[in-house]
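Chemist: Dropping a prediction and its sequence here:
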Amino acid sequence: MLRLSSSRCPHWDASALARAFNLPWQPSRTAATLQKRRPSRMVLSERVARGAPKTAPTGRPARRTRNSPFAGMNTTEVPRSLQYAKNNLSAAERRRQQPKARSGKKDEKEKDPMRALKMQRRLANVSYEKRSRVKQEIMEWDSFDEFDLLPVIKESISTQALGGMADVSPTPIQRLAIPTLLEMPDGKRRKKGKTMLEPNKEMKQFLLAAETGSGKTLAYVLPMLDAIKRAEVIEARDEAIEAAEDEEKKRARGQLYELDSPVDEHSKAGRPKAIILLPTSELVAQVGALIKSLAHTVKFRSAMISAAFSGTVIRNRLFAPSGVDVVIATPHLISSITESDPNILSKVSHLVIDEADSLLDRSFSPITSSIIDRASPSLQQLIFCSATIPRSMDSYLSKRYPETKRLATPNLHAIPRRVQLSVVDIEKVPYQGNRDLACAQTIWDIGKEAAEAGEDRQKKIVVFVNEREKTIELAKYLCSKGIDANALSRDSDDRKQAEILAAFTGAAVSSPSKPPKDPKPSSYTPAISAGDLAEYSPRPTARKLENTKVLVMTDIGSRGIDTLLVKHVILYDVPHTSIDFIHRLGRVGRMGRRGRGIVLVGKHDRKDVVKEIREGMFKGQALI
Ligand SMILES: Nc1ncnc2c1ncn2[C@@H]1O[C@H](COP(=O)(O)OP(=O)(O)OP(=O)(O)O)[C@@H](O)[C@H]1O
């Protein structure tokens, strides 16, 4: 090995010498140390004109990536990314030009359009093969007349249930569920004289799953009423026969003048034949109103009971001497009534668990399950109804009711394409992270757009927040910005809540009922009053957004409420799961209408989830 003194000969000279003689060369320690101590001067590399090496001398890729602090220095070529910008290429074109195996992670993302949603995976899968089979099946039915429903029920569909709507035809879930619940498979009519309410008939379980606003309520209500009415005829006949037999027996025993027992075994008071369970008082009122309108023509007795009514009202409705056929209630109320009167469930042949994804979730499930168990001996049909099938509910049904017949529509878990979702980045100017401001501005933009388009009808906008505490705070803020806003949450007064909601659903508000005396005291907060507003914002703005009404609510309002008058939904917070996205965006685009959702996204939000939801919606895909 050649060794040269570094003091006399700088090492580059030594190395050149070594190269000239084709000898291995190693700088002496002194030379290297001196080299280090020499005051540094920035000298451009001789190779600068040739650009950065593609690979390091070790054979590994050069470490200077775009993310390094010195990225872009000493380069003589325009980076690829800037070239694209310069050429004004679209994102898709750029992707096409990029070499295939550039980065495994990115490729994976591109291959899997629902990567972020898959990490959560909240919804059960319904195969596309099954969906297309159902699509074929439901095409066989185009009219309510084809169903084996009693004539009076058929006549009441458009006049009573659908508010006089002309030319109505069944929706996909109605085509799928009505014949099945009527037990008329393959389009055949039921055998004459056969009724669903037969003593000792085995309990059958059904799951009705269809997108939001697709008419699930009528899908279970019509067959249920049909069964009750047919059973009534048979019951009346049996009672007449029984009475005649009793009379005959008495006559034979010569006891013709014996007094009847004061206890009437056939009393129908407090012994409903059908119970519909719903998670909130608002939904009880909504479904109760539909049932009541049908009761006028179909002739049956219904009672809606929830915490919105006083104890006396509930007692009078449930134990009316004329009896009750259908009860619409919340699980908590039914559960507490069964504690004092277990027989309340003794004659129930139809039990509907509506909004089953809520009623079978962790908080409701124990109470719902206990009601099902208590009603089971007399049950003939147990019907679960839901807009989504969460995986937890899927496994609950598989474990507890494996025989459940699942009726899912082809578009289940897909948010219809007629609903558009746009994104507002709250980090950008002029919001700079102020979510409240972004929300107020979005509302103003919607309101102004409507005014410019010359729309006379009042704009109804629903704003969803994730936290209950935020509803009133945000509504107050919006009021201070000249927006007519109200808040709705579990803390709000029921009566006031019903009135506020009616403006968004178009429903009539029922007559006032006294506030409940017996239920537990609640931390009830009224919706915003002028006093609240003054306290919150001493100088409310002089600007007023005309013709626009806003309702701020939590998830409580997103379940099942038929907000037909709403065309815009603002997702103030990014929903936690795809289930919440489906329910919240499901408040618009109901029954074939168009709608728009606007989601406010900040730096801590899951932008990837929002992006995937938007893409899924654009493609009309089922979410996962
Ligand atoms: N066959 C039909 N034709 C036209 N409108 C209908 C029909 N069936 C139901 N509707 C209307 O569609 C609206 C939505 O119905 P419903 O509330 O039952 O939907 P849903 O599927 O239960 O929604 P969600 O999942 O949000 O609870 C209601 O206003 C109802 O009157």
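Modeler: Yep, that arrived.
Chemist: can we go C-alpha only for contacts and neighbour counts from here?
Modeler: Noted.
Chemist: Flag every buried residue along the helix or strand hosting R317.
Modeler: Using DSSP states H and E, R317 maps to helix 311-318. Residues G311, V313, I314, R317, L318 are the ones in helix 311-318 that count as buried (16 or more other Cα atoms under 10 Å).
Chemist: Contacts for the very next helix or strand once past it next, please.
Modeler: Going down the chain from helix 311-318, the next helix or strand is strand 326-329, by DSSP H and E. The contact list for strand 326-329 (Cα atoms under 8 Å, 6 or more residues apart in numbering) reads 272-278, 281, 284, 287-288, 300-306, 318.
Chemist: now, which of those lie close to the ligand?
Modeler: Near the ligand, taking Cα under 6 Å from any ligand atom as the test, no member of these is found.
Chemist: Among the residues you listed, name the buried ones.
Modeler: Members of the contacts of strand 326-329 classed as buried by 16+ other Cα under 10 Å are 272-278, 281, 284, 287-288, 300-306, 318.
Chemist: Out of those residues, list just those in helices.
Modeler: Applying DSSP state H to those, the entries found in helices are S281, V284, V287, G288, L318.
Chemist: wouldn't the first one be in contact with A307 here?
Modeler: Just to be clear, that refers to S281. Yes - S281 is within contact range of A307, at 6.6 Å (criterion: Cα atoms under 8 Å).
Chemist: From the ones in helices among the buried ones among the contacts of strand 326-329, pick the one nearest the ligand.
Modeler: Looking at those and their distance to the ligand, the nearest is V287, at 8.0 Å (Cα to the nearest ligand atom).
Chemist: got a pLDDT number for that closest one?
Modeler: On the pLDDT scale, V287 is placed at 97.
Chemist: Check V424 too.
Modeler: So V424 comes in at 96 (pLDDT).
Chemist: thought it was touching K603?
Modeler: No - V424 lies out of contact with K603 (Cα under 8 Å); the separation is 11.7 Å.
Chemist: out of the two, which sits in the busier spot?
Modeler: Between V424 and K603, counting by other Cα atoms under 10 Å, V424 is the more crowded of the two (17 against 10).
Chemist: Next secondary structure element downstream of the worst-scoring helix or strand of the chain on mean pLDDT?
Modeler: Within the chain, no helix or strand scores below helix 530-536, which has a mean of 43 by mean pLDDT, DSSP states H and E. Next in sequence after helix 530-536, counting helices and strands by DSSP H and E, comes strand 548-553.
Chemist: Pull up the pairing partners for that next one, direction included.
Modeler: Applying DSSP bridges to the sheet, strand 548-553 is found paired with strand 459-464 (parallel), strand 484-488 (parallel).
Chemist: from these, which stretch is densest packed?
Modeler: Comparing the strands paired with strand 548-553 by mean neighbour count (mean count of other Cα atoms under 10 Å), strand 459-464 ranks first with a mean of 26.
Chemist: any idea of the mean pLDDT for that strand?
Modeler: Strand 459-464 comes out at a mean pLDDT of 96.
Chemist: any idea how far that strand is from the chain center?
Modeler: Distance of strand 459-464 from its chain centroid, counting by Cα atoms, centre = their mean, to the nearest Å, is 16 Å.
Chemist: what's around Q136, how many residues?
Modeler: Using other Cα under 10 Å, the number of residues around Q136 comes to 10.
Chemist: An error on my part: the question was meant for A240.
Modeler: That count, for A240 with other Cα under 10 Å as the rule, works out to 12.
Chemist: In terms of helices and strands, where is it?
Modeler: Assigned by DSSP H and E, A240 falls in helix 216-253.
Chemist: quick one: buried residues of that helix?
Modeler: In helix 216-253, counting by 16+ other Cα under 10 Å, buried: 216-231, 234.
Chemist: and the closest residue to the ligand within the stretch 401-550 of the chain, what does it touch?
Modeler: Relative to the ligand, the nearest point of the stretch 401-550 of the chain is T505 (8.6 Å; Cα to the nearest ligand atom). Contact analysis of T505 by Cα under 8 Å, 6+ apart lists I561, D562, T563, L564, L565, V566.
Chemist: A453 now?
Modeler: With Cα under 8 Å, 6+ apart as the criterion, no residue contacts A453.
Chemist: Let me know the distance separating the residue of the stretch 401-550 of the chain closest to the ligand from L545.
Modeler: Between T505 and L545 the computed distance is 21 Å (Cα to Cα, to the nearest Å).
Chemist: is the ligand contacted by stretch 358-372?
Modeler: No - Stretch 358-372 lies out of reach of the ligand by Cα under 6 Å from any ligand atom, never closer than 11.3 Å.
Chemist: residues making contact with that stretch?
Modeler: So stretch 358-372 is contacted by L278, P279, P331, H332, I334, S335, L351, I353, S392, M393 (Cα under 8 Å, 6+ apart).
Chemist: So for it, what gets flagged as buried?
Modeler: In stretch 358-372, counting by 16+ other Cα under 10 Å, buried: S358, L359, L360, F364, S365, I367, T368, I371, I372.
Chemist: Also stretch 439-455?
Modeler: Within stretch 439-455, the residues scored as buried using 16+ other Cα under 10 Å are C439, A440, Q441, T442, I443, W444, G447, K448, A450, A451.
Chemist: tell me the pLDDT at the last one?
Modeler: At A451, the predicted lDDT confidence score is 83.
Chemist: Lovely, talk soon.
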